[in-house]
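Participant: Need the 3D shape of this:
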Amino acid sequence: MFDNSEHVSSGTLANSFDRRAVLIGGLQTGMGVLLAARLAWIGVVQNDKYATLAESNRVNLTLLPPRRGAILDRNNAQLASNRVEFRIDIIPERLADTDATVKELTGLLNFDAVQVQELSDRLEKAHGYQPIEVIAGLQAKDFDKVLVRLPDMPGVVAKQGFTRWYPTGPSVAHLIGYVGPATGKDYEKEKNPLLLTPGFKLGKDGLEKFYEPILRGQPGAQRVEVTASGKFVRDLEHRDDIPGKPIRLTIDGGLQDYASRRIGLESAAVVVVDCQTGGLLACCSMPAFDPNVFAGGIGRLQWKMLNEDDHIPLLNKALRGLYPPGSTMKPMATLALQQHGVDPAERISCPGGYRLGNRFFRCDAVHGSVDMRAAIEHSCNTYFWSMAHRVGYDAIAPVAKLLGLGQEFDLPGTSQRYGTIPDAAWKMRRYKQEWTAADSLNASIGQGYVSVSPLQLAVMTARIASGKNLQPSLIFGHELPAGPALPFTPEQLQVAHDGMFRVINGSGTGTGARIDIGGVKMAGKTGTAQVRALVSRGTVGAWKTRDHSLFVCFAPADAPRYAMAVVVEHGTFGARAAAPIAKDVMTYLFDPATAMATLTALEQGWGGTPVERMSARYRSVVAQYGTSAPKVGDDEAVKATINKVANPEPPADALQNVPATTRPEEPAGGAASAPAGEASAAPAPAPPSTPAAPNSAAPQ
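Facilitator: Numbering: from 1, shown residues only. Alright, predicted model coming up:
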């Protein structure tokens, strides 16, 4: 057989090798050219980029959170400031092993089960590079323990920096608000890398939030040399932050703290107004939360303690609490009556009540013959019922609004509620019903549909005291000019002044609040506002069924400088709870040493200062609930809860529960005894769906 395969010569093999060599050589040359081009691109065109990346392996560049601007009182004392502290943060995105790192870190810090749970909750809500505060205010020795272990815990940041500090804690919580870590939603809105910087806090509520652009300042920066493992070698460059600008308030810090502490165990509000400028000197609502605790993010047990407290510490009662003003409206009513031709000297006989048709509305005492001044002094309902029936309540409502009731004021960073000063048009607009004579009687003594805030009561009192249309203000040096002149003569105002003076310094309903400090005396008016049908009297019965206690006053009585309103929720009679607080707060303005001695003695019986009492209660909550408390929601959930606890205006169908007669009050003589004539409940309107029924309980 013959072999048909092609004959391969040595020449053919040589040619084949040459072709392959050329191909491989060409490929190698091409790769070399490409590599050279890439090296040229990296080394020349992108030199700056890679130089920066190389530098970042050796140099750590970080932002330094700016110090927030201080919030100062009228005397430049700090209400909100900054203090140096050691802190530990976690950046979740940088954690290599979350569980292991958290276990090691919490072990170093000796965290208990509750603290570990709260840290885990914060980590669950974290997003990306959003820093999570582990602990702030560390002792130096504990800080050092963490510092030396940082290379083994990537994602953990230990820093010394500034933090927001509120020296008087709960006393300024509702007034100033609080700061907290930025959330993912905050970053989405602003896209500012500062919000991702460990230790940075922004305003979350109140003045802290409203003035955030002014208070924030500009961040600093720091470049440090580090090893490959991230260990500090040396500082390379440091740029200081630019602190935020301070804000100065009209508030008197000492007075704010004193009034807040003097409220004690009550649920109450105190507002003090400067009768010369309209500036707010104190705006207190207690109990409150501690803004120092809120700064790092509130935990489960703190939230449970605040959210389930029946005294509602989350509600700013001074601005958002709404209450029937009761008899504190009577001095205002006398101005309206005088405007409509009522002679202050005219006398009305009080047989112990007032008859309207077939109903007899009981006054709380038989006052006999009283004129306008005596009607204020003894808080005679019969007098005001008779006059309101004569001139009509539509003559009184405009004066109430003119003096500030039912109004909102231009105060920055505040969330106020209007309340209600009802009249015929209001009732028709809301309930599609005609205003009745019974409505007039009820509203004329501050009951029924009427609801106002403590701030409004303080403004009303300041305008009556000064005779000026004062506008409340909060920023020192930017007090608002008075509005149009009030349409009252000095003689008309003097009638209200005289009556309020006799309430305290005569034989009226507030004699227990009498002061005489170097000749300084006080004028005022007590008030008791019913909450619901008469199911308890005095201090008997469930707390929430008791009446609200109110007191308005000004001093000095002969040359008013300060006006005040005090509202104590479910405090029973006006002279029992509100008046003693007002007396001590007013004493502080003229004799601080005496007032502080009184407060110190009281706090010994209450269990210490508000911060001490809150700490003791928190410890009891920890012992009771441990890690079983429910989680806290985000910022929006917290805000929703705060809005939810704002007590609503009374619905129409609830008004049927108000008794149709007044009840006996305490006899005159101060806190331990009851104000004769003070009172509060009047004939209430029936619900809109039913006509007013005769009062079967009253004599016919």
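Participant: Where does the prediction get shaky in the stretch 301-450 of the chain?
Facilitator: Counting by pLDDT under 70, the stretch 301-450 of the chain contains no low-confidence segment.
Participant: which stretches of it form strands?
Facilitator: Per DSSP state E, counting those that start in this stretch, the stretch 301-450 of the chain carries strands over the ranges 348-350, 353-356, 359-362, 368-370.
Participant: For the second one, which strands pair with it and how are they oriented?
Facilitator: Partner strands and pairing direction for strand 353-356 (DSSP bridges) are strand 359-362 (antiparallel).
Participant: By neighbour count, which bits of the strand it pairs with are buried? Give me those.
Facilitator: In terms of neighbour count (16 or more other CB atoms under 10 Å), strand 359-362 has its buried residues at 359, 360, 361, 362. Using the backbone N, CA and C atoms, a C-beta is placed for each residue, glycine as well.
Participant: Only alpha carbons, please: show that strand as PDB.
Facilitator: Extracted in PDB, the C-alpha atoms of strand 359-362 (Å, rounded to 0.1, in the frame of the first residue of the first chain):
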ATOM      1  CA  ARG A 359     -84.000  76.200  86.300                       C
ATOM      2  CA  PHE A 360     -82.100  77.400  89.400                       C
ATOM      3  CA  PHE A 361     -78.400  77.700  89.000                       C
ATOM      4  CA  ARG A 362     -76.700  77.500  92.300                       C
END
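Participant: In the stretch 201-350 of the chain, mark out all the helices, start to finish.
Facilitator: Secondary structure of the stretch 201-350 of the chain by DSSP state H, counting those that start in this stretch: the helices cover 206-210, 212-215, 253-262, 291-294, 300-307, 317-320, 330-339.
Participant: Now mean neighbour count too, for those, in CSV please.
Facilitator: CSV is the format used below for the helices of the stretch 201-350 of the chain (neighbours: other CB atoms under 10 Å):
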stretch, mean neighbour count
helix 206-210, 21
helix 212-215, 16
helix 253-262, 25
helix 291-294, 22
helix 300-307, 20
helix 317-320, 26
helix 330-339, 25
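Participant: Just tell me which of these ends up closest to residue 376.
Facilitator: The closest of the helices of the stretch 201-350 of the chain to residue 376 is helix 330-339. By CB to CB, the value is 5.5 Å.
Participant: and that closest one, what does it pack onto?
Facilitator: Where contact means 3 or more CB pairs under 8 Å, 6 or more residues apart in numbering; DSSP states H and E, helix 330-339 is packed against helix 372-378, helix 381-391, helix 397-402, helix 454-466, helix 490-505.
Participant: looking at those, which is buried most?
Facilitator: helix 454-466 (a mean of 29; mean count of other CB atoms under 10 Å).
Participant: Quick one: the helices of the stretch 201-350 of the chain as a markdown table, columns for distance to residue 428 too.
Facilitator: Shown next, in a markdown table, are the helices of the stretch 201-350 of the chain (distance: least, CB to CB, whole Å):
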| stretch | distance to residue 428 |
| --- | --- |
| helix 206-210 | 37 |
| helix 212-215 | 43 |
| helix 253-262 | 41 |
| helix 291-294 | 44 |
| helix 300-307 | 39 |
| helix 317-320 | 27 |
| helix 330-339 | 21 |
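Participant: now residue 66, nearest residue through space, not along the chain?
Facilitator: residue 217 (3.3 Å; CB to CB, 6 or more residues apart in numbering).
Participant: quick one, what contacts the one you found?
Facilitator: Neighbouring residues of residue 217 by CB atoms under 8 Å, 6 or more residues apart in numbering: 66, 67, 68, 69, 241, 242, 243, 244, 245.
Participant: any idea how far it lies from residue 182?
Facilitator: 15 Å (CB to CB, to the nearest Å).
Participant: circling back to that earlier point, now for the helices and strands packed on helix 330-339, which one comes closest to residue 303?
Facilitator: Nearest to residue 303, of all the helices and strands packed on helix 330-339, is helix 454-466, at 26.1 Å by CB to CB.
Participant: how distant is the closest one from the center of its chain?
Facilitator: Its chain's C-alpha centre and that of helix 454-466 lie 21 Å apart, by CA atoms, centre = their mean, to the nearest Å.
Participant: Tabulate the CA atom coordinates of that helix in PDB.
Facilitator: Output of helix 454-466 as PDB, limited to C-alpha atoms (Å, rounded to 0.1, in the frame of the first residue of the first chain):
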ATOM      1  CA  PRO A 454     -52.000  78.700  80.300                       C
ATOM      2  CA  LEU A 455     -50.000  81.000  77.900                       C
ATOM      3  CA  GLN A 456     -53.200  82.700  76.900                       C
ATOM      4  CA  LEU A 457     -54.300  83.200  80.500                       C
ATOM      5  CA  ALA A 458     -50.900  84.800  81.300                       C
ATOM      6  CA  VAL A 459     -51.200  87.100  78.400                       C
ATOM      7  CA  MET A 460     -54.700  88.100  79.400                       C
ATOM      8  CA  THR A 461     -53.500  88.800  82.900                       C
ATOM      9  CA  ALA A 462     -50.600  90.900  81.700                       C
ATOM     10  CA  ARG A 463     -52.800  93.000  79.500                       C
ATOM     11  CA  ILE A 464     -55.300  93.600  82.300                       C
ATOM     12  CA  ALA A 465     -52.400  94.400  84.700                       C
ATOM     13  CA  SER A 466     -50.600  96.800  82.300                       C
END
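Participant: which of the contacts of residue 217 has the most neighbours?
Facilitator: Highest neighbour count within these, by other CB atoms under 10 Å: residue 68, with 29 neighbours.
Participant: Now do that residue, the pLDDT please.
Facilitator: Looking at residue 68, its pLDDT reads 95.
Participant: Please identify which of the helices of the stretch 201-350 of the chain is closest to residue 107.
Facilitator: Closest among these, using CB to CB: helix 300-307, at 21.2 Å.
Participant: Who are the packing partners of that closest one?
Facilitator: Helix 300-307 packs on helix 113-124, helix 610-625, going by 3+ CB pairs under 8 Å, 6+ apart.
Participant: Let me have those helices in JSON lines, extended by mean neighbour count.
Facilitator: Below are those laid out as JSON lines (neighbours: other CB under 10 Å):
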{"stretch": "helix 113-124", "mean neighbour count": "17"}
{"stretch": "helix 610-625", "mean neighbour count": "15"}
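Participant: Does residue 66 touch residue 219 like I think?
Facilitator: Yes - using CB atoms under 8 Å, residue 66 is in contact with residue 219, at 5.1 Å.
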